[in-house]
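Peer 1: output the structure for:
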Amino acid sequence: MSVLSDLRTVAVHRDFRKLFAVRLVSQCGDGMFQAGLATLFFFQPERMATAGDVAVAFAVLLLPFTAVAPFAGPLLDRWRRRQVLLLGNAVRVPLTLTLAVLMATVGITPAVYVLALLTLGVNRFLLAALSAGLPHVVPRPQLLMANTITPTLGAVSAVVGAGLGVLLSRVTPEGAVRDGIVLAVAAVFFAGASALALRLGRDQLGPERRSLSLWRDVAATAADLVDGARWLVRRRTPALGLGVMGVHRFLYGVNFIALILMSRNLLSDPADADAGMATFALLAGVSFAGNGLAIVLTPIAHERMRPATWVAVCLGVGVVSQALLAVSHAYGVVVVSAVLLGLSVQGAKIAVDTIVQRDTDDDYRGRAFSLYDMLYNAAFVGAAALAAVVLPDAGWSAAVFAALAVTYGATSVTYLRANTAAESRLGTPTD
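Peer 2: You can find the predicted model right below:
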């Protein structure tokens with residue numbers, strides 16, 4: 001089953017095309033925005049060259065959303081999701097432009113961190129809204145196919161945006177103005193995504209319930225959060241899916257930070273920040289090839305096994321990717337490992353997205369995906385903290401990568417057993 005044939009199948013639905021367009025344009029802007037931040041935070045000659053510095057940067061950017069993210073889900077279950085896409089992208093325009101001006105004029109200040117924090121937080125909210133709205137624009141039998149295509153091709157768009165950001169930075173004058181220009185162009189993409197959301201009906205993406213007043217929403221959110229978490233635990237299979245992806249994200253986070261450090265300090269001259277950035281961009285692109293493999297292999301795997309079994313297989317691929325790095329940090333080995341981990345992460349995510357959407361009632365779906373994002377953020381912050389302690393500044397440690405491989409294997413076996421028991425108890429469909 002090819003990507004193009006899958007895309008043609010789901011693209012016959014007019015409303016799917018409209019929602020998909022919002023995702024592509026929005027995530028292209030995300031990639032450009034993140035490319036600007038990556039250059040600023042990780043690949044300046046005078047900063048972010050140690051494991052501790054990289055960990056602090058990720059903690060500053062992600063830790064607050066671990067607390068904020070749970071409140072997005074209950075609001076997605078109350079507010080029109082189309083309005084979230086419209087207004088969320090619109091809000092990112094002035095935030096990004098202000099950030100661009102600050103970066104071009106005064107450089108890194110606490111205000112830059114706050115604005116980056118807010119902009120990235122809105123992004124997580126938008127991604128949750130896109131996922132929660134997908135079942136409203138495709139038939140249930142095509143949900144796996146849509147889940148295979150939309151997040152991964154959204155990631156393609158983000159990579160394209162990042163590439164455009166890097167290219168734009170290479171043709172603009174050096175200095176703070178360079179990153180400011182990249183962010184200003186990203187703001188144009190955010191404005192375009194907001195305009196595209198207008199093509200969808202106000203109530204088209206759900207939910208059925210109308211919003212209460214703002215203060216009542218805020219008060220109700222806390223109770224809804226607890227209620228949603230309890231429902232997911234009772235339902236078991238969605239909770240297990242969220243849990244296994246939290247572990248996966250944690251392990252991936254340690255690897256990701258190691259990859260930044262290896263690109264900056266081991267595989268390139270530590271004094272040449274541009275070379276480090278180029279090496280990391282190349283390895284990130286190679287890892288994306290693994291995401292592409294997941295697009296192709298996941299539908300094929302779905303014809304032969306349950307989504308939960310495919311998750312376990314993908315975790316097994318993660319074992320191989322980390323075992324290779326435990327043996328050697330040669331460039332070719334790093335490349336192969338990056339491809340395998342890209343397949344592992346994206347393949348598992350597609351399957352878990354399907355499990356969560358399939359097994360979660362619509363009234364709880366927004367909360368489920370918001371909790372999903374919260375676990376992603378918390379796991380990455382935890383990974384950053386661990387990486388700061390266990391990784392050398394060069395990024396490579398045979399013992400660390402061996403431990404990651406063992407943990408991937410244990411997680412695969414534990415998850416498959418627990419999910420099989422849950423499906424047997426609840427009579428969850430296996431297709």
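
Peer 1: what about residue 216, how many neighbours?
Peer 2: 11 (other Cβ atoms under 10 Å). Using the backbone N, CA and C atoms, a C-beta is placed for each residue, glycine as well.

Peer 1: where does it land in three-state SS?
Peer 2: Assigned with DSSP: H, G, I helix; E, B strand; the rest coil, residue 216 falls in the helix class.

Peer 1: that one and residue 222: what is the separation?
Peer 2: Applying Cβ to Cβ, to the nearest Å, the value for residue 216 to residue 222 is 12 Å.

Peer 1: how about residue 98?
Peer 2: Taken as Cβ to Cβ, the span from residue 98 to residue 222 is 31 Å.

Peer 1: more neighbours: the two, which one.
Peer 2: Neighbour count, other Cβ under 10 Å: between residue 98 and residue 222, residue 98 has more, with 17 against 12.

Peer 1: now do the contacts for the more buried one.
Peer 2: residue 115 (Cβ atoms under 8 Å, 6 or more residues apart in numbering).

Peer 1: could you check the pLDDT of it?
Peer 2: pLDDT recorded at residue 98 is 95.

Peer 1: after the helix or strand it falls within comes which helix or strand?
Peer 2: Using DSSP states H and E, residue 98 falls within helix 81-105. Per DSSP H and E, helix 81-105 leads on to helix 110-133 as the next helix or strand towards the C-terminus.

Peer 1: may I see the buried residues of that next one?
Peer 2: Neighbour-count burial for helix 110-133, counted by 16 or more other Cβ atoms under 10 Å, picks out 112, 115-133.

Peer 1: surely residue 131 is in contact with residue 369?
Peer 2: Yes: between residue 131 and residue 369 there is a contact at 4.8 Å, judged by Cβ atoms under 8 Å.

Peer 1: contacts only, for the closest residue to residue 97 other than its chain neighbours.
Peer 2: With Cβ to Cβ, 6 or more residues apart in numbering as the criterion, residue 97 has its nearest non-adjacent residue at 5.1 Å, and that residue is residue 187. Applying Cβ under 8 Å, 6+ apart, one finds that residue 187 lies in contact with 29, 92-93, 96-97, 100.

Peer 1: out of the residues you listed, flag the one nearest to residue 83.
Peer 2: Residue 83 has its nearest neighbour among the contacts of residue 187 in residue 92, at 14.7 Å by Cβ to Cβ.

Peer 1: between the two ends of stretch 228-242, what distance do you get?
Peer 2: From its first residue to its last, stretch 228-242 covers 13 Å (Cα to Cα, to the nearest Å).

Peer 1: does residue 393 sit in a helix, a strand or a coil?
Peer 2: Residue 393 - assigned by three-state DSSP - is coil.

Peer 1: isn't it up against residue 54?
Peer 2: No: Residue 393 is not in contact with residue 54 according to Cβ under 8 Å; the separation is 9.5 Å.

Peer 1: more neighbours: which of these two?
Peer 2: residue 54 (26 against 15).

Peer 1: got phi/psi on residue 200?
Peer 2: Dihedral angles of residue 200 (phi, psi; degrees, to the nearest 10) stand at phi -90, psi 150.

Peer 1: list the contacts of it.
Peer 2: Contacts of residue 200 (Cβ under 8 Å, 6+ apart): 15, 18-19, 22, 82, 85.

Peer 1: check residue 246 too.
Peer 2: 375-376, 378-379.

Peer 1: check those for the minimum pLDDT and say which it is.
Peer 2: Out of these, that is residue 376, at 80.

Peer 1: count of neighbours near the residue nearest to that residue when sequence neighbours are not counted?
Peer 2: Nearest non-adjacent residue to residue 376, counting by Cβ to Cβ, 6+ apart: residue 249, 5.1 Å away. Residue 249 is flanked by 22 other residues according to other Cβ under 10 Å.

Peer 1: who touches residue 249 in this structure?
Peer 2: Contacts of residue 249 by Cβ under 8 Å, 6+ apart are 375-376, 379-380, 383.

Peer 1: which single one of those is nearest to residue 181?
Peer 2: residue 380 (28.1 Å).

Peer 1: distance of the closest one from residue 58?
Peer 2: Residue 380 is 6 Å from residue 58, by Cβ to Cβ.

Peer 1: for residue 130, same thing?
Peer 2: 23 Å.

Peer 1: lowest average confidence, helix or strand, in this protein?
Peer 2: Taking mean pLDDT, DSSP states H and E as the measure, the chain has helix 72-76 as its least confident helix or strand, at a mean of 69.

Peer 1: please identify the helix or strand for residue 27.
Peer 2: helix 14-42.

Peer 1: same check on residue 143?
Peer 2: Per DSSP H and E: helix 143-170 holds residue 143.

Peer 1: buried sites along that helix?
Peer 2: So helix 143-170, judged by 16+ other Cβ under 10 Å, has buried residues 143-159, 161-166, 168-169.

Peer 1: likewise for stretch 194-203?
Peer 2: Across stretch 194-203, burial judged by 16+ other Cβ under 10 Å covers 194, 196-197, 200.

Peer 1: with pLDDT as added columns, please give those in CSV.
Peer 2: CSV is the format used below for the buried residues of stretch 194-203 (pLDDT from 0 to 100):
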residue, pLDDT
194, 97
196, 97
197, 96
200, 95
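
Peer 1: show me those residues that map onto strands.
Peer 2: Among the buried residues of stretch 194-203, the subset assigned to strands under DSSP state E is empty.

Peer 1: picking up where we left off before, quick one, grab the pLDDT at the residue nearest to residue 376.
Peer 2: 93.

Peer 1: what's the answer for residue 388, then?
Peer 2: pLDDT at residue 388 comes out at 88.

Peer 1: please verify my assumption that it contacts residue 55.
Peer 2: Yes: the pair residue 388 and residue 55 passes the contact test of Cβ under 8 Å, sitting 3.6 Å apart.

Peer 1: neighbour count for the two, which is higher?
Peer 2: Counted by other Cβ under 10 Å, residue 388 and residue 55 do not tie: residue 55 has more neighbours, with 21 against 18.

Peer 1: okay, and the more buried one sits in which element?
Peer 2: helix 51-68.

Peer 1: what about that helix, average pLDDT?
Peer 2: pLDDT averaged over helix 51-68 gives 72.

Peer 1: stretch 336-356 too?
Peer 2: Mean predicted confidence for stretch 336-356 is 94.

Peer 1: just say helix, strand or coil for residue 207.
Peer 2: Residue 207 ends up coil, using three-state DSSP.

Peer 1: roughly how far apart are the closest residue to it other than its chain neighbours and residue 200?
Peer 2: Once flanking residues are discounted, residue 207 sits nearest to residue 77: 5.3 Å by Cβ to Cβ, 6+ apart. In this view, residue 77 and residue 200 are 18 Å apart by Cβ to Cβ.
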